[in-house]
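Asks: how would this look folded up:
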Amino acid sequence: MKTKILLVRHCQAMGNRNKCFQGLTDTDISEDGQTQLDLLSARLRNTVFDAVYSSPLKRAYLTAQAMVRFHPQPVTVLPDLIEINAGDWEGRSWAEIPSLWPREARDWNERPYACCPPGGEPMAHVFERMKWALQFIARENPGALVAVASHGCAIRNAVCWAKGLPLEEINQCEFPDNTGITTIEIDENGVPSLLSFNDTSHLPDEFRRNSHLPSFDLTGVTV
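Replies: Numbers count the residues shown, from 1 in each chain. A predicted model of the protein is given here:
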C-alpha cells in the first residue's frame, strides 16, 4: 500500500523576512507568513488527512496546524524533520556569511552535498535523516494521506531522495517556496516517487518567492 505525503515548507518566518540563516533558530512567523497559512488552510479545507507530522520548530508546527485547520487533529512532532543545524551561521545575515566563511559558503552554493556549516550539521546527515523520517511515516501510516511540515533545506534533500538522485546531484533540486506543497508517494518497500513539487497555486504572485533565496552572493569572495 502506498502512502501519500503532502510535504509543505513552513510559512514565512522572521528569519526569512530579515534574510538571516534560521537553521534551528526558533523564530516567530511574519505577518505575511500568517497570510500564507490562511491561504494554505483554505486550499486544503476539503482535504482530510489521516495523520499530521511536523518539525519541532514553531514555524513548521504552525504550518502543520494550518494544514488541518478545518479538520483538526493532533500534530505529531518528529525531530528528524527539523531544519539543518547551521552552527556558527545561526542568526547571521546571508550577506555577511561569505566574507566570514568563504570556503563553506562556496560549498553551500556549488558543492552542497559536501557542505557542513562550521560547527553545524553535514548535508549528508540531513539527507539521511529526512529519508529515514519519511520512510518511518510511511511505515506507520500505510496507504494513508499524511500532512508533513518541514523546512527548505530539509525538503530539498527529501526531493533529491524522492527523485532517485544521489546526494551529489542535489543541485538539480530547488528549494520550495514558503507553504509550497510537494507530494511524495512511498510504497510498502520504502521506495519513493515524486508526484509534484512546490505547488503554490494557493498563493498570489506577491507571495511566491517572497523569502530570501538560500544562496550566497560570492562576488569578490576568494577562498
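Asks: With adjacent residues omitted, what lies nearest to the residue nearest in space to the middle of the chain?
Replies: In the chain, the C-alpha nearest the mean C-alpha coordinate belongs to residue 151, at 2.3 Å (Cα atoms, centre = their mean). Among residues not flanking residue 151 along the chain, residue 83 sits closest, at 3.7 Å (Cβ to Cβ, 6 or more residues apart in numbering). To be clear about C-beta, it is placed using only N, CA and C from the backbone, and glycine gets the same treatment.
Asks: show me what contacts the residue nearest to the centre of the chain?
Replies: When contacts are counted by Cβ atoms under 8 Å, 6 or more residues apart in numbering, residue 151 touches 9, 10, 55, 57, 60, 81, 82, 83, 84.
Asks: Okay, and which of the residues you listed map to strands?
Replies: Per DSSP state E, strands hold the following members of those: residue 9.
Asks: The contacts of residue 151 into JSON lines, with extra columns for pLDDT?
Replies: What follows is the contacts of residue 151, written out as JSON lines (pLDDT from 0 to 100):
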{"residue": "9", "pLDDT": "98"}
{"residue": "10", "pLDDT": "98"}
{"residue": "55", "pLDDT": "98"}
{"residue": "57", "pLDDT": "98"}
{"residue": "60", "pLDDT": "98"}
{"residue": "81", "pLDDT": "98"}
{"residue": "82", "pLDDT": "98"}
{"residue": "83", "pLDDT": "98"}
{"residue": "84", "pLDDT": "98"}
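Asks: which one of the contacts of residue 151 is nearest residue 130?
Replies: Checking the contacts of residue 151 against residue 130 by Cβ to Cβ gives residue 81 as the nearest, at 7.4 Å.
Asks: Which parts of the protein are strands?
Replies: For the chain, the strands defined by DSSP E cover 3-9, 51-54, 76-77, 145-150, 181-186, 192-199.
Asks: Each with direction, which strands does the second one pair with?
Replies: Just to be clear, that refers to strand 51-54. Using DSSP bridges, the strands paired with strand 51-54 in its sheet are strand 76-77 (parallel), strand 145-150 (parallel).
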